[in-house]
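[1] 3D, please:
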Amino acid sequence: ASCQGHRHPLVLFWLLLHEMTMVGLHVLHFTEEKLRLQGQDAELVSGDPRGSGSSGCRC
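    As a prediction, this is how the structure comes out:
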């Protein structure tokens, strides 16, 4: 076969999409965690036990 070593463009598209999705999820999780930690710092400073408007998700 003369196309040895070449992949179907759709396969490359899905691989790229998968990579972008995984990176996006990682960035989203990192940002969420960072905001959550900043929120905890704000709670400690303000002394507000309710979480000052946070959604209450502590996952």
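[2] which residues touch Leu17?
    Neighbouring residues of Leu17 by C-beta atoms under 8 Å, 6 or more residues apart in numbering: there are none. All C-beta spots, glycine's among them, are computed from the backbone N, C-alpha and C.
[3] Now name the helix or strand holding it.
    helix 9-46 (DSSP states H and E).
[4] And Val11, how far from Thr21?
    Per C-beta to C-beta, to the nearest Å, Val11 is found 16 Å from Thr21.
[5] same deal with His29?
    Distance from His29 to Thr21, by C-beta to C-beta: 12 Å.
[6] Look at Lys34 and say how many residues are nearby.
    10 (other C-beta atoms under 10 Å).
[7] Return the residues in contact with it.
    Contacts of Lys34 by C-beta under 8 Å, 6+ apart: none found.
[8] which stretches of this structure have low pLDDT?
    1-7, 45-59 (pLDDT under 70).
[9] make it 80
    1-7, 41-59 (pLDDT under 80).
[10] count of residues packed around Thr31?
    10.
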